[in-house]
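**Student:** Sharing a model prediction with you, sequence too.
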Amino acid sequence: MYEYLFLFAALIFLYSIFATRIEKMLVNGPFLFMVVGIILGPLVLNAVDLKISGLEYETLANLALALVLFTGAASVDLEVLRSSVTIPTRLLLIGLPLTIVTGFIAGYFIFNDLLIIELAILATVLAPTDAALGEAVVKDTGVPSKVRNALNVESGLNDGISVPIFLLLIAILKVHAGEQVSWQYALGLFAKEIGVGLLVGFIVMYLGARLLLFAEVRKWIGTAWKPVIVVTLALSCFSLADILGGSGFIACFTGGFIYGAVNKKYKSNLQEHAEGMGNVLTFLIWIIFGSFIISNYFKDFTWPIMLYSLISLSIVRIVPVIIALTKSEVTIKEKLFIGWFGPRGLASIVFAVMLLDTHLPQENTVILTIICTVMLSVILHGITANPLVNSFKTKNTE
């Protein structure tokens with residue numbers, strides 16, 4: 001185990017040194033670490049043979065996603081968001097449901113063996129976008145601010161909204177399987193996930209941010225403690241919401257948004273430390289994904305699975321975005337850009353692990369499709385991010 005710890009620490013150290021240089025190339029962090037994991041895993045060198053349970057992997061992914069959502073929400077430019085709030089609103093209220101419906105329709109024509117409820121679950125799992133995979137795009141000032149903020153807000157909230165939909169579908173599956181689950185319970189679970197998540201995120205973070213502001217003004221916070229403050233606040237939002245039966249993802253994004261609004265003057269200094277911790281956890285997720293998950297399941301990918309994955313990343317995402325943003329102030333280039341940058345990652349991985357306990361009739365096909373889609377997303381979005389971002393910069397300099 002210690003040899004793996006040394007290997008991971010050494011990789012993070014090397015990446016940290018050359019991070020700025022690497023991020024300007026055709027690869028980003030998740031892509032690089034996934035590829036390194038594949039090379040070190042059984043598929044190539046067989047130098048790493050990680051034994052990790054589904055629960056352990058889900059926990060790591062949850063923690064990483066909690067930090068990414070919190071810091072992403074905190075970095076939202078409120079002034080720009082106020083002037084273009086209709087864009088993320090359309091993406092969430094129109095684009096997200098349409099994405100799930102389009103994904104369902106695509107699955108219906110591609111998979112002959114999946115039940116209707118399984119197609120709905122698959123479409124829902126692959127609907128939310130990944131804030132971590134899209135980080136390079138939403139942070140690059142070469143991209144118009146309204147586009148960056150729209151993608152940031154969308155990726156922060158769509159996975160939280162997808163959680164209750166996902167749980168609702170699982171409850172419906174249990175109803176049809178004859179288990180003692182009522183429709184009232186299923187709908188109540190949906191409402192509770194969203195409501196409790198919003199409430200916890202608001203209360204915890206409003207009180208925490210006010211206390212932080214009080215201490216910062218008086219310079220009570222020691223330098224050594226600053227790296228852990230935002231991390232503990234993000235994890236507090238996530239864990240308390242989960243304990244109370246709400247969506248931890250919604251709580252984290254709501255909490256991060258409140259933190260950014262209340263603590264404007266001091267947020268950037270504290271936020272950077274949390275982003276670094278989130279990156280470390282995220283890169284660990286992608287190494288394990290490459291060395292353990294892809295290496296073990298790659299050989300089971302079928303043509304229908306790969307076809308659906310490609311359609312999910314393109315048509316299933318882009319068409320709903322264009323429809324959602326019809327008659328908006330967004331140009332066609334910006335619509336296509338937003339549509340393409342809907343990467344699938346941590347949230348879909350978390351859902352896939354949760355599916356292991358549901359015993360779907362065609363569980364293997366569903367999970368393999370999720371893995372294949374996430375893998376292709378890391379590759380395709382990783383190598384297209386910088387060229388497409390640069391296209392905006394070129395236009396701005398002309």
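**Tutor:** Structure's in. What do you need?

**Student:** okay, CA-based contacts and neighbour counts for the rest of this
**Tutor:** Fine.

**Student:** Which residue, other than its chain neighbours, is closest to Phe111?
**Tutor:** Pro304 (6.9 Å; Cα to Cα, 6 or more residues apart in numbering).

**Student:** helix or strand for that neighbour, which one?
**Tutor:** Secondary structure here is read from DSSP states H and E; on that basis Pro304 sits in helix 303-313.

**Student:** got the CA positions of that helix in CSV?
**Tutor:** As requested, the backbone C-alpha atoms of helix 303-313 are provided in CSV (Å, rounded to 0.1, in the frame of the first residue of the first chain):
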residue,chain,number,x,y,z
TRP,A,303,-20.7,-1.5,-30.0
PRO,A,304,-24.1,-0.5,-28.8
ILE,A,305,-22.6,0.7,-25.5
MET,A,306,-19.9,2.8,-27.3
LEU,A,307,-22.5,4.1,-29.8
TYR,A,308,-24.8,5.3,-27.0
SER,A,309,-21.9,6.9,-25.1
LEU,A,310,-20.9,8.9,-28.2
ILE,A,311,-24.5,10.0,-28.8
SER,A,312,-24.9,10.8,-25.1
LEU,A,313,-21.9,13.2,-25.2
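
**Student:** Do I have it right that the residue nearest to Phe111 meets Tyr108?
**Tutor:** No: with contact taken as Cα atoms under 8 Å, Pro304 and Tyr108 are classed as non-touching, separated by 11.4 Å.

**Student:** Show the pLDDT at Ile305.
**Tutor:** Looking at Ile305, its pLDDT stands at 97.

**Student:** Touching, Leu92 and Asp159? I think so.
**Tutor:** No: counting by Cα under 8 Å, no contact exists between Leu92 and Asp159, whose distance comes to 10.2 Å.

**Student:** Comparing these two, which residue is more hemmed in?
**Tutor:** For Leu92 against Asp159, the residue with the higher neighbour count under other Cα atoms under 10 Å is Asp159, and the figures read 30 against 23.

**Student:** can you pull the contacts of the residue lying closest to the more buried one once chain neighbours are set aside?
**Tutor:** The shortest distance from Asp159 to any non-neighbouring residue, by Cα to Cα, 6+ apart, is to Pro128 (4.8 Å). Under the criterion of Cα atoms under 8 Å, 6 or more residues apart in numbering, the contact partners of Pro128 comprise 96, 155, 158-159, 162, 342, 344, 347-348.

**Student:** same thing with Ile258?
**Tutor:** Listed by Cα under 8 Å, 6+ apart, the contact partners of Ile258 are 74, 202, 205-206, 209.

**Student:** and of those residues, the nearest to Val374?
**Tutor:** Using Cα to Cα, Ala74 is the member of those that lies nearest Val374, at 25.8 Å.

**Student:** Against Phe214, how distant is Trp220?
**Tutor:** For Trp220, the distance to Phe214 (Cα to Cα, to the nearest Å) stands at 9 Å.

**Student:** more crowded one of the two?
**Tutor:** Comparing Trp220 with Phe214 by other Cα under 10 Å, the one with more neighbours is Phe214, at 13 against 10.

**Student:** confidence score at the more buried one?
**Tutor:** If you check Phe214, the pLDDT there is 87.

**Student:** Quick one: distance of the helix or strand where it lies to the chain centre.
**Tutor:** Assignment of secondary structure by DSSP H and E places Phe214 within helix 183-217. Taking Cα atoms, centre = their mean, to the nearest Å, one finds the center of helix 183-217 at 19 Å from the center of the full chain.

**Student:** what about Thr232, neighbour count?
**Tutor:** The burial metric for Thr232, expressed as a neighbour count using other Cα under 10 Å, is 13.

**Student:** so where does it fall, helix or strand?
**Tutor:** helix 226-243.

**Student:** Just the C-alphas of the helix or strand just after that helix, formatted as PDB.
**Tutor:** Downstream of helix 226-243, the first helix or strand assigned by DSSP H and E is helix 248-262. In PDB, the C-alpha atoms belonging to helix 248-262 read as follows (Å, rounded to 0.1, in the frame of the first residue of the first chain):
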ATOM      1  CA  GLY A 248     -25.500  16.900  -0.200                       C
ATOM      2  CA  PHE A 249     -24.600  18.200  -3.700                       C
ATOM      3  CA  ILE A 250     -27.300  20.800  -3.600                       C
ATOM      4  CA  ALA A 251     -26.300  21.800  -0.100                       C
ATOM      5  CA  CYS A 252     -22.600  22.200  -1.200                       C
ATOM      6  CA  PHE A 253     -23.500  24.400  -4.200                       C
ATOM      7  CA  THR A 254     -25.900  26.500  -2.200                       C
ATOM      8  CA  GLY A 255     -23.400  26.800   0.700                       C
ATOM      9  CA  GLY A 256     -20.600  27.800  -1.700                       C
ATOM     10  CA  PHE A 257     -22.900  30.400  -3.400                       C
ATOM     11  CA  ILE A 258     -23.800  31.900   0.000                       C
ATOM     12  CA  TYR A 259     -20.200  31.900   1.100                       C
ATOM     13  CA  GLY A 260     -19.100  33.800  -2.100                       C
ATOM     14  CA  ALA A 261     -21.900  36.300  -1.700                       C
ATOM     15  CA  VAL A 262     -21.300  37.000   2.100                       C
END
